[in-house]
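Engineer: Here is a sequence with its predicted model. Questions after.
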Amino acid sequence: MQIAKDTLALIGNTPLVRLKGPSEAAGCDIFGKCEFANPGASVKDRAALFIVEDAEERGLIQPGGTIVEGTAGNTGIGLALVANAKGYKTIIVMPETQSREKMDTLRALGAELVLVPAAPYSNPGHFVHTSRRIAEETPNAIWANQFDNIANRRAHIVTTAEEIWTQMEGRIDGFTCSAGTGGTLAGVGLGLKERDEKVRIALTDPHGAALYEYYAHGELKAEGTSVAEGIGQGRITANLEGAPVDTQYRVADEEGLEWVRRLLDEEGLCLGLSSGINVAGAVRLGRELGSGKRVATILCDTGFRYLSTLYNAEWLREKGLPIFPWLETN
Ligand code: PMP
């Protein structure tokens, strides 16, 4: 494709890159899907586009309507861009614990931003429930409902999985990623299994999430905490139902951050923490599969979204996390 037919056609068709350090560490080939190359700089542009187009096809949204969503930020950014391109408004509800950059970006894109205190899912003030209520109270509005709207994972069955399969010329032995809504994990997992059921699908869970225990022992149980934004799920969302997970890993923030540091320092890629955690999982999966195998993972978003957190010495010190050496002297 030389010239995109419109701006929405810029979503997806992201490059796949062989990651040198992770491949050496795993003893086989590790590939990263460059989702930071989407117009909204994250993997969530794909889900945003599919959710909005699904609502249009079902006649749920009219011209000039409003899209309401609760999000850690990236889905909101994707929705705001898609909405602008299609003539809709957006109201985005976000926990106030998310990065400053995501809030500033959403405001810059023209979304109406509603910040709520971080709360457990059982609390009616949780960002997801707040967004559903706002959608119900707003005329001509839809609730995107990314967690339980399976147009989300369909985006990954139809586009992400297909792209990875084609880019790797059908020679893929394993895939892993972490889960927020689970749309990427389930969608890419289902899409790849459809083409070759031998592809091993692994969940890579951060600490503080309940899915590792669920896939390992059948019980939703969380342990520890993580500062990673956008990942870490405590329930089986509709998107996760039937996800073909063969194996699972749990990765600490320190291990994910070490890959964020190395990928920037040694390979010139500036990523967020969920990408680092995914790469740590891909290295584990690669080691299990052995030499000559090929594993893919997702580089979910850009590190530019976390300059005030992951790339800020003071913030890292406050969280008791390791500081990239070059940040100490700047
Ligand atoms: N990484 C980041 C930075 C995200 O914002 C998200 C989306 N919440 C994910 C990973 C996980 O994607 P998914 O919702 O498809 O599980």
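Structural biologist: Okay, I see it. Keep in mind that this is a model prediction, so the values were computed, not measured.
Engineer: Could you use CA atoms for every contact and neighbour count after this?
Structural biologist: Will do.
Engineer: End to end on stretch 115-129, go ahead and measure it.
Structural biologist: The stretch stretch 115-129 measures 13 Å between its terminal residues, going by Cα to Cα, to the nearest Å.
Engineer: ugh, typo on my part, it should be stretch 139-150
Structural biologist: 24 Å.
Engineer: That stretch near the ligand at all?
Structural biologist: No: counting by Cα under 6 Å from any ligand atom, no contacts exist between stretch 139-150 and the ligand, the nearest distance being 7.3 Å.
Engineer: tell me which residues in that stretch are buried?
Structural biologist: Along stretch 139-150, these residues count as buried under the neighbour rule (16 or more other Cα atoms under 10 Å): Ala141, Ile142, Trp143, Ala144, Asn145, Gln146, Phe147, Asp148, Asn149, Ile150.
Engineer: Kindly report the same for stretch 109-120.
Structural biologist: Of the residues in stretch 109-120, those with enough neighbours to count as buried (16+ other Cα under 10 Å) are Gly110, Ala111, Glu112, Leu113, Val114, Leu115.
Engineer: picking that back up, next step: the buried residues of stretch 139-150 restricted to helices.
Structural biologist: Counting by DSSP state H, none of the members of those fall within helices.
Engineer: Need these in JSON lines (columns: pLDDT).
Structural biologist: Formatted as JSON lines, the entries for the buried residues of stretch 139-150 read as follows, by pLDDT from 0 to 100:
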{"residue": "Ala141", "pLDDT": "97"}
{"residue": "Ile142", "pLDDT": "97"}
{"residue": "Trp143", "pLDDT": "98"}
{"residue": "Ala144", "pLDDT": "98"}
{"residue": "Asn145", "pLDDT": "98"}
{"residue": "Gln146", "pLDDT": "97"}
{"residue": "Phe147", "pLDDT": "97"}
{"residue": "Asp148", "pLDDT": "98"}
{"residue": "Asn149", "pLDDT": "98"}
{"residue": "Ile150", "pLDDT": "98"}
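Engineer: Kindly reformat those as a markdown table containing distance to Asn239.
Structural biologist: Conversion of the buried residues of stretch 139-150 to a markdown table gives the following (distance: Cα to Cα, whole Å):
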| residue | distance to Asn239 |
| --- | --- |
| Ala141 | 22 |
| Ile142 | 19 |
| Trp143 | 16 |
| Ala144 | 13 |
| Asn145 | 11 |
| Gln146 | 8 |
| Phe147 | 6 |
| Asp148 | 6 |
| Asn149 | 7 |
| Ile150 | 5 |
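Engineer: And the furthest pair within those?
Structural biologist: Using Cα to Cα, the pair of the buried residues of stretch 139-150 lying farthest apart is Ala141 and Ile150, separated by 18.7 Å.
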